[in-house]
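Engineer: quick one, structure for this:
(2 chains)
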Number of protein chains: 2
Amino acid sequence: MARYGGIDLGGTKIQAVVVDEAHEVLGSSRLPTPTTGGPADVALAMIAAVREALDEAAVGPGELTALGVGSPGAVDDEAGTVTSARNLPDWEGTYPLAEKIEAAFAAPVALSNDVNVATQAEFELGAAKPFRSLLGVFWGTGVGGGIVLDGQLWEGRGAAGEIGHVVVKSDGRRCPCGRIGCMEAYAGRGAMEVRAREKVDEGEKTVLFEIMEEKGKPRLSSGIWARALERDDKLAHHLVDRAVDAIGVGVASSLNLLDVEAVVIGGGLGLRLGEPYVEKIRTAIMPHLFADHRPPEVLLASLGDLGGAIGATLLAAGKAPAHA
Amino acid sequence: MARYGGIDLGGTKIQAVVVDEAHEVLGSSRLPTPTTGGPADVALAMIAAVREALDEAAVGPGELTALGVGSPGAVDDEAGTVTSARNLPDWEGTYPLAEKIEAAFAAPVALSNDVNVATQAEFELGAAKPFRSLLGVFWGTGVGGGIVLDGQLWEGRGAAGEIGHVVVKSDGRRCPCGRIGCMEAYAGRGAMEVRAREKVDEGEKTVLFEIMEEKGKPRLSSGIWARALERDDKLAHHLVDRAVDAIGVGVASSLNLLDVEAVVIGGGLGLRLGEPYVEKIRTAIMPHLFADHRPPEVLLASLGDLGGAIGATLLAAGKAPAHA
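Structural biologist: From the prediction side, this is the model:
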């Protein structure tokens, strides 16, 4: 009776789950990602998160068959390392993440890219289960993408799926990545916050930063954007609509190239804004879609916030001794 | 000793080849595509082109093992039909092309999309032979694209590879396809001619239309653009540079998604302008390429004008009785 652990390592939170052989969640937990220290501190927090999920699942720490980790940065599963993990404290170099977690649970650990893990989860267990080809779009601080073609994740030479850096306007805004006119320059939550601050400096009124202060947050989280939309904030509506338009253009371009069966919208902002905004994205895709007589299904991610961690348990199952 | 026939059916010309088992060209021919009549007249011209290539190859008309055809329009290989072939006379409906050619040579005929056939040719026999993944970019009247991933053509649900309709500027020019801001709106030879005529109407000087009249052509062919560049025509330089920029943006977006090993530039204009312009495209890709520390190879198509017809012989080999 196999038990798998899955960890989704994010810039703000670490999500862990323990699942059974059918990848049903037996226990889960969520801890804040350390903002100081270094990779070793992050690894300790990851181990603590798994321990909490094990407690909830009533599974002993020695009973895990294998674990999987979805991580940002440059992931090398063979070496068990993660390099230059963006948004994580002092993680520019190469850290042997797998061996640290293996040592804690005496079980093999598989690593992969966080966005690919979340895409695979929606493909195998979530909204895209009925399909053979998929574009996953994860709308959060940035906009990540994952591609499944004919049942297989397409990773290119390791950097495929960067849908956030598909150009939507070649002479447009500068993206946080430094390039000009990327989708993420309009649709990433980070870029949206930069634009909101510019607008406030120009004298525009908005409740966005009031809500941020009320909630005691350092940044405009997805919840703050959602709250501002509920309060019918004009600037929030303007910037979210602009983001939706950029996603529509970038996804349409991607579909013109890939012609996949389905698109799944996830990520912090995608999940928080939900189906009404998936409907807006669906509409925004159409004017730029070439094969518009039979558009793909455009669906909200169905595994929610746990999708990344559940996806990591698929990695774990692939790494389990029986499969070795 | 197998002998294969290959036909590339284009809007202005029909190219035919006869090859041996190694796909070496034994004979070739080129006929203008009929501009009047209908599909049956086009099929007769295709048969005539193969007969000429057979003559040159000193191969008898009954000696072909199989034939392949790369065609525009919606191609159904199983049914042997081509529907709505753009630029071909009165070819809106569905025409049983395969059976007409089969009857003429008493050999099986395989059909496929012209751009995919040309991509496969460069992948298996041309510039992209050393690679496992490829983006083919065919720069002509429009801009067609073909995708090979892990050795296999990726066709999606039949409409993948439409790189000409990847958006480069979401609020930009209207494309001949009716949408806004597609790469082809800037880079397609058709759109470039429209823009050149607008500029002349606005009073701009150019030798483009003089050369067209000297050559007795109805349209600005690739050769005319090349001649005007040689004569250092300012408008020609401006519009070709703008096309190169649009190709750079669209190809970079595509690479950010697909992260393939190589890009091959072909098509009438790509082949005519050659390596100096491939170098310009290489440069235009870089500012928008995400993984710019290791760009892919960007190469000129090496099979030249016969690439489509030679690619069609690969289809033929797949259809040959020994493979059935």
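
Engineer: now do the buried residues in the strand or helix carrying A:Ala228.
Structural biologist: Assigned by DSSP states H and E, A:Ala228 belongs to helix A:222-230. Using 16 or more other Cβ atoms under 10 Å in any protein chain shown as the test for burial, helix A:222-230 gives A:222, A:224-229. (C-beta placed from N, C-alpha, C; glycine too.)

Engineer: who are the packing partners of that helix?
Structural biologist: If you count contacts as 3 or more Cβ pairs under 8 Å, 6 or more residues apart in numbering or on different chains; DSSP states H and E, helix A:222-230 packs onto helix A:189-201, helix A:208-214, helix A:234-258, helix A:267-273.

Engineer: what angle sits between the third one and helix A:222-230?
Structural biologist: Between the axis of helix A:234-258 and that of helix A:222-230 there is an angle of 110 degrees, by axes from the mean of the first three to the mean of the last three Cα atoms, to 10 degrees.

Engineer: now helix A:234-258: mean pLDDT?
Structural biologist: The average pLDDT for helix A:234-258 rounds to 98.

Engineer: now do that helix: distance to the chain's middle.
Structural biologist: Mean C-alpha position of helix A:234-258 versus that of the full chain (Cα atoms, centre = their mean, to the nearest Å) differs by 17 Å.

Engineer: let's have the buried residues of helix A:222-230 in a markdown table, adding pLDDT.
Structural biologist: Formatted as a markdown table, the buried residues of helix A:222-230 follow (pLDDT from 0 to 100):
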| residue | pLDDT |
| --- | --- |
| A:Ser222 | 96 |
| A:Ile224 | 98 |
| A:Trp225 | 98 |
| A:Ala226 | 98 |
| A:Arg227 | 98 |
| A:Ala228 | 98 |
| A:Leu229 | 98 |
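
Engineer: look up how far chain B lies from the residue lying closest to A:Leu229 once chain neighbours are set aside.
Structural biologist: Leaving aside its sequence neighbours, A:Leu229 sits nearest to A:Ala236 (Cβ to Cβ, 6 or more residues apart in numbering or on different chains; 5.3 Å). Using Cβ to the nearest Cβ, to the nearest Å, one gets 21 Å for the distance from A:Ala236 to chain B.

Engineer: A:Asp171 belongs to a helix?
Structural biologist: No. Counting by DSSP: H, G, I helix; E, B strand; the rest coil, A:Asp171 is not part of a helix but coil.

Engineer: flag every residue of the stretch 51-200 of chain A that's near chain B.
Structural biologist: Within the stretch 51-200 of chain A, the positions near chain B by Cβ under 8 Å from any Cβ of the partner chain are A:133, A:145, A:147, A:149, A:154-163, A:165-171, A:177, A:179-182.

Engineer: and which of the buried residues of helix A:222-230 is nearest A:Asp259?
Structural biologist: Checking the buried residues of helix A:222-230 against A:Asp259 with Cβ to Cβ, the nearest one is A:Ser222 at 30.3 Å.

Engineer: now the closest one. Nearest residue, chain neighbours left out?
Structural biologist: A:Arg272 (3.8 Å).

Engineer: next one: A:Ala196
Structural biologist: A:Leu208 (5.5 Å).

Engineer: before we move on, what about A:Arg242?
Structural biologist: A:Tyr186 (5.6 Å).

Engineer: quick check: pLDDT value at that neighbour.
Structural biologist: pLDDT, A:Tyr186: 98.

Engineer: what about it, neighbour count?
Structural biologist: 26 (other Cβ atoms under 10 Å in any protein chain shown).

Engineer: same question for A:Gly70.
Structural biologist: Using other Cβ under 10 Å, A:Gly70 has 31 neighbouring residues.

Engineer: what's the answer for A:Met286, then?
Structural biologist: Residues near A:Met286, counting by other Cβ under 10 Å: 11.

Engineer: helices of the stretch 1-150 of chain A, start to end?
Structural biologist: Using DSSP state H, counting those that start in this stretch, the helices of the stretch 1-150 of chain A run over A:39-57, A:97-105, A:114-124.

Engineer: send me the longest one as PDB with only the CA atoms.
Structural biologist: Going back to what we said before, that points to helix A:39-57. This file holds the C-alpha atoms of helix A:39-57, laid out as PDB (Å, rounded to 0.1, in the frame of the first residue of the first chain):
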ATOM      1  CA  PRO A  39      18.200  26.900   0.800                       C
ATOM      2  CA  ALA A  40      18.900  24.800   3.900                       C
ATOM      3  CA  ASP A  41      16.200  26.800   5.800                       C
ATOM      4  CA  VAL A  42      13.800  26.300   2.900                       C
ATOM      5  CA  ALA A  43      14.500  22.600   2.900                       C
ATOM      6  CA  LEU A  44      13.800  22.400   6.700                       C
ATOM      7  CA  ALA A  45      10.400  24.200   6.200                       C
ATOM      8  CA  MET A  46       9.600  21.700   3.400                       C
ATOM      9  CA  ILE A  47      10.300  18.800   5.700                       C
ATOM     10  CA  ALA A  48       8.200  20.400   8.400                       C
ATOM     11  CA  ALA A  49       5.300  20.800   5.900                       C
ATOM     12  CA  VAL A  50       5.500  17.100   4.900                       C
ATOM     13  CA  ARG A  51       5.500  16.100   8.600                       C
ATOM     14  CA  GLU A  52       2.300  18.100   9.200                       C
ATOM     15  CA  ALA A  53       0.700  16.500   6.200                       C
ATOM     16  CA  LEU A  54       1.800  13.100   7.500                       C
ATOM     17  CA  ASP A  55       0.200  13.900  10.900                       C
ATOM     18  CA  GLU A  56      -3.100  14.800   9.300                       C
ATOM     19  CA  ALA A  57      -3.000  11.700   7.200                       C
END
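
Engineer: okay, the angle between that helix and helix A:97-105?
Structural biologist: Using the same axes, to 10 degrees: helix A:39-57 against helix A:97-105 is 40 degrees.

Engineer: that concludes my questions; thank you for your assistance.
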